[in-house]
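K.L.:
Here is the input, now give the coordinates:
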Amino acid sequence: MEESADEEASIQASIPGERIWGPVPEAQAVAAGALAAASSVLIAPQVAPVQLYQRLTALVPDEVLPKASDTAHTLRLRLAASAFLHPSQVSAKGHGRGGRYVALNDTTYPQPRRVQWATPTVPEHTDPDGDRVVQCLCYPHYYTKSPLLRMVEVMPPAIDELITFAVQLARPVLTPPSLAQRPNSCELCIYYTAFGSKIGRHRDNFVSHDLTTYLRTRDASVLFKQQNAQLANSNVLILSLGNAPMVLQLSFPGGSARDSVGERSTYVVHPLFSVPCGFGTLFVFSATDDLFYCHEAFFEPGRRRANGGWFELLSGNLLILPKRELEACHWKE
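P.N.:
A predicted model of the protein is given here:
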């Protein structure tokens with residue numbers, strides 16, 4: 001679908017922003033022990049789009065927001081009954097011994113609760129079973145039990161507006177693939193202080209072997225190969241909302257890089273790479289940082305609010321998925 005001239009002009013525009021964190025120049029990064037510069041940045045608009053923030057928060061029903069009187073148990077009961085959150089099957093107690101999975105929304109596990117929206121690839125139609133369906137892109141998480149359990153909804157207008165805003169704000173630092181096409185997938189991740197919510201140390205589109213290969217060959221073409229669903233060398237745009245600050249932490253291999261690159265538990269955490277995500281900030285995550293660093297997120301230490309704390313990350317991606325993935329991503333009303 002071709003964009004109109006007005007849409008194209010909107011995407012080409014820029015919104016003035018204030019840089020809060022990043023980039024970390026190579027000399028400074030290497031002096032701290034890292035392998036390369038960190039090119040990601042955290043920015044905030046000079047003028048906050050208050051009406052957009054209001055429309056985004058209005059997407060989230062009160063039933064999934066914590067109350068000051070909540071315990072982890074009462075919050076869990078409400079989340080388990082919510083039709084807003086997408087169901088997710090995760091390994092029992094984090095390790096899944098015996099291959100056992102449990103419904104995340106029925107637990108107090110620390111993983112974020114999620115809702116995923118995307119651009120339609122096939123318009124709404126009636127399928128052979130007589131159901132009204134629309135086919136969308138869907139970001140596949142590596143820990144998903146089955147492709148058939150992935151859920152996605154068509155982007156509502158507020159998310160379309162968010163994407164235009166985020167691209168305009170991030171435009172000066174976007175990679176060429178991200179400049180050429182606007183994000184077509186967005187995921188809402190809700191973190192709760194009552195659960196001690198966090199996301200563990202990981203990479204999105206690379207594995208440790210990719211970094212090992214680069215360190216051995218110095219062949220930068222690894223950045224331009226399609227490793228996962230995300231378009232190669234594209235940015236991830238992460239808008240933060242909520243009432244409890246979080247830290248997005250980059251970490252890097254310690255000691256001999258070639259020997260330790262595969263052991264994420266040994267990665268070094270340095271204050272230079274702690275990104276202070278607060279309400280209204282936009283983290284522009286680069287593909288090179290996903291190769292050289294792992295990342296994780298957790299509530300800011302020492303500033304956790306009692307059970308009423310929560311945090312949202314609205315993460316936009318550019319996706320290219322093979323047909324077999326698309327076939328598993330029908331959303332039925």
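
K.L.:
Helices of the chain, residue ranges please.
P.N.:
For the chain, the helices defined by DSSP state H cover 5-12, 26-31, 50-58, 72-81, 157-170, 176-180, 208-217, 257-260, 287-292, 323-326.

K.L.:
want to try CSV for those, with distance to C186, mean pLDDT and mean neighbour count as columns?
P.N.:
All C-beta atoms are positioned from the backbone trio N, CA, C, and that covers glycine. Below are the helices of the chain laid out as CSV (distance: least, Cβ to Cβ, whole Å; pLDDT from 0 to 100; neighbours: other Cβ atoms under 10 Å):
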stretch, distance to C186, mean pLDDT, mean neighbour count
helix 5-12, 16, 52, 12
helix 26-31, 30, 96, 14
helix 50-58, 10, 93, 14
helix 72-81, 20, 95, 15
helix 157-170, 5, 94, 20
helix 176-180, 14, 91, 15
helix 208-217, 26, 88, 15
helix 257-260, 34, 51, 14
helix 287-292, 18, 94, 23
helix 323-326, 17, 38, 12
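
K.L.:
got these as TSV, with distance to Y139 columns?
P.N.:
Below are the helices of the chain laid out as TSV (distance: least, Cβ to Cβ, whole Å):
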stretch	distance to Y139
helix 5-12	21
helix 26-31	29
helix 50-58	19
helix 72-81	21
helix 157-170	14
helix 176-180	16
helix 208-217	19
helix 257-260	29
helix 287-292	14
helix 323-326	10
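
K.L.:
S234 is nearest to which of those?
P.N.:
helix 176-180 (4.4 Å; Cβ to Cβ).

K.L.:
Parallel or antiparallel, list what pairs with the lengthiest strand in the chain.
P.N.:
When the chain is parsed with DSSP state E, its longest strand is strand 268-277. The pairing partners recorded for strand 268-277 under DSSP bridges are strand 246-252 (antiparallel).

K.L.:
And for the strand it pairs with, what's in contact with it?
P.N.:
33-35, 38, 40, 191, 201, 238, 240, 264, 267-270, 273-277, 283, 289, 292-301, 311 (Cβ atoms under 8 Å, 6 or more residues apart in numbering).

K.L.:
rewinding a little: tell me which residues of the longest strand of the chain come out buried.
P.N.:
Neighbour counts over strand 268-277 (16 or more other Cβ atoms under 10 Å) mark 270, 273, 275, 277 as buried.

K.L.:
Please apply the same query to stretch 122-135.
P.N.:
133-135.

K.L.:
mind showing which ranges of the stretch 151-300 of the chain have poor pLDDT?
P.N.:
Residue ranges of the stretch 151-300 of the chain with pLDDT under 70: 226, 255-260.

K.L.:
distance of the closest residue to T213 other than its chain neighbours from P87?
P.N.:
Take T213 and drop its neighbours on the chain: the residue closest to it by Cβ to Cβ, 6 or more residues apart in numbering is V222, 6.3 Å away. Counting by Cβ to Cβ, to the nearest Å, the gap from V222 to P87 is 35 Å.

K.L.:
Looking at strand pairing, list the partners for the closest residue to L85 other than its chain neighbours.
P.N.:
Spatially, and ignoring its direct neighbours in sequence, L85 is nearest to R113 (4.9 Å; Cβ to Cβ, 6+ apart). Note on R113: beta-bridge partners by DSSP bridges are I190.

K.L.:
any low-confidence regions in the stretch 1-150 of the chain?
P.N.:
Looking at the stretch 1-150 of the chain by pLDDT under 70, you get 1-12, 94-99, 140-149.

K.L.:
where along it do the strands fall?
P.N.:
Taking DSSP state E, counting those that start in this stretch as the criterion, the stretch 1-150 of the chain contains strands spanning 17-21, 41-45, 89-91, 101-103, 113-118, 120-126, 132-136.

K.L.:
So which of those is the most surrounded?
P.N.:
strand 113-118 (a mean of 23; mean count of other Cβ atoms under 10 Å).

K.L.:
Just the closest of the buried residues of stretch 122-135 to L169, please.
P.N.:
For these, the nearest to L169 is V134 (29.1 Å; Cβ to Cβ).

K.L.:
how close does that closest one sit to V154?
P.N.:
Taking Cβ to Cβ as the measure, V134 falls 6 Å from V154.

K.L.:
returning to that earlier point: you'd agree the residue nearest to L85 is up against F195?
P.N.:
No - R113 is beyond contact range of F195, at 9.2 Å (criterion: Cβ atoms under 8 Å).
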